[in-house]
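Chemist: Here is my input, please return the structure:
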Amino acid sequence: MTYTQVIFSPTGGTRKVSEMLISAWTDSWSTVDLCDRKFEREPCSFTPEDTVLVAIPSYGGRVPATAARRLSHLCGNGAKAILVCVYGNRAYEDTLVELNDIVIGNGFKIVAAVAAVAEHSIVHQYASGRPDRDDDQVLKEYAEKIQKKLSGGVFPPIHLPGNRPYKKGMGSMVVPKSGKACSQCGLCAELCPVEAIDAANSKIVDKSKCISCMRCVSVCPQNAREVNKVLLFAASAAMKKACQERKQCELFL
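Modeler: Have a look, this model is predicted:
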């Protein structure tokens, strides 16, 4: 049995959750990175012998549109899939059911699904430091249960929380900008999943392309990219009530 993680993880939180799970099954796996812009063009196929962990963050309770589009280039051919939705301690709403529909539509057999929490990519005070040691322990326990189901070879449909039709998707709410410390190294433009940053001048951002993923902020070696402080304060205040309680990971078998 071969293992692959298919991940969309602009700031690394989703990757951490994914690797906590997949490392419990094997010490050797492949990675398909949906942040790589080539997945707008290149198909990726699997076989019935493959086990694929598909991990994405929740953006406003939905699968990020960029990730959904790139997931459509996967060909399952009967491969087994474990779904992972990662959110910033607010809510994941329709993300798992939408991911389920996309992955089934691409020819995979769904084995299980996990909802997990990682530090919020914009408002870092929420779920700060997560996934943490407690999350790691829980996710390892989930991995054992999923492995048992994989070994059994029977995968009836699983019931997932969420709604169809899905909630309305949110557009780009927060567009980071570069400050005075910017050295024009070009790393943010090179790594932007959607080519929203001008390669010749990183101060220029195409707001129609930006998906508020915060990758440019997380990779900047000068810490020169930032979010408007007024918008950040407003987002923090709007989420405060929903994010006060520590949300727990969930497993659906």
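
Chemist: how is the protein carved up into domains?
Modeler: 3-165+247-252, 177-226 (automatic domain parsing).

Chemist: Save those as a markdown table, and put in mean pLDDT, mean neighbour count and distance to residue 239 too.
Modeler: The C-beta positions use only the backbone N, C-alpha and C, and glycine is treated the same way. Listed next are these as a markdown table, based on pLDDT from 0 to 100; neighbours: other C-beta atoms under 10 Å; distance: least, C-beta to C-beta, whole Å:
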| stretch | mean pLDDT | mean neighbour count | distance to residue 239 |
| --- | --- | --- | --- |
| domain 3-165+247-252 | 96 | 19 | 6 |
| domain 177-226 | 94 | 17 | 14 |
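
Chemist: need those domains in CSV with distance to residue 237, can you?
Modeler: What follows is the domains of the chain, written out as CSV (distance: least, C-beta to C-beta, whole Å):
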stretch, distance to residue 237
domain 3-165+247-252, 10
domain 177-226, 18
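
Chemist: Could you pull out the helices in the stretch 101-250 of the chain for me?
Modeler: 133-152, 187-191, 215-219, 229-243 (DSSP state H, counting those that start in this stretch).

Chemist: re earlier: please identify which of the domains of the chain is closest to residue 235.
Modeler: Of all the domains of the chain, domain 3-165+247-252 sits nearest to residue 235, with 5.6 Å by C-beta to C-beta.

Chemist: what about that closest one, start to end distance?
Modeler: From its first residue to its last, domain 3-165+247-252 covers 20 Å (C-alpha to C-alpha, to the nearest Å).

Chemist: Return the distance of that domain from the chain's centre.
Modeler: 7 Å (C-alpha atoms, centre = their mean, to the nearest Å).

Chemist: All the strands of the stretch 151-253 of the chain, residue numbers only.
Modeler: Applying DSSP state E, counting those that start in this stretch to the stretch 151-253 of the chain gives strands spanning 177-178, 225-226, 250-252.

Chemist: For residue 148, find the nearest of those strands.
Modeler: Of all those, strand 250-252 comes closest under C-beta to C-beta, at 12.0 Å.

Chemist: Neighbouring strands of the closest one in the sheet, and parallel or not?
Modeler: Counting by DSSP bridges, the strands paired with strand 250-252 are strand 109-117 (antiparallel).

Chemist: The partner strand relative to helix 133-152, how many degrees between them?
Modeler: Using axes from the mean of the first three to the mean of the last three C-alpha atoms, to 10 degrees, one finds that strand 109-117 and helix 133-152 are set 170 degrees apart in direction.

Chemist: re the thing from before, I'd like the helices of the stretch 101-250 of the chain laid out as TSV, including distance to residue 53.
Modeler: Shown next, in TSV, are the helices of the stretch 101-250 of the chain (distance: least, C-beta to C-beta, whole Å):
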stretch	distance to residue 53
helix 133-152	9
helix 187-191	23
helix 215-219	21
helix 229-243	26
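
Chemist: out of those, which comes closest to residue 201?
Modeler: helix 187-191 (8.9 Å).

Chemist: Residue 56 versus the residue nearest to residue 144 when sequence neighbours are not counted, what's the distance?
Modeler: Distances taken as C-beta to C-beta, 6 or more residues apart in numbering put residue 24 closest to residue 144, at 6.9 Å, once the chain neighbours are dropped. Per C-beta to C-beta, to the nearest Å, residue 24 is found 20 Å from residue 56.

Chemist: Right, I'll leave it there.
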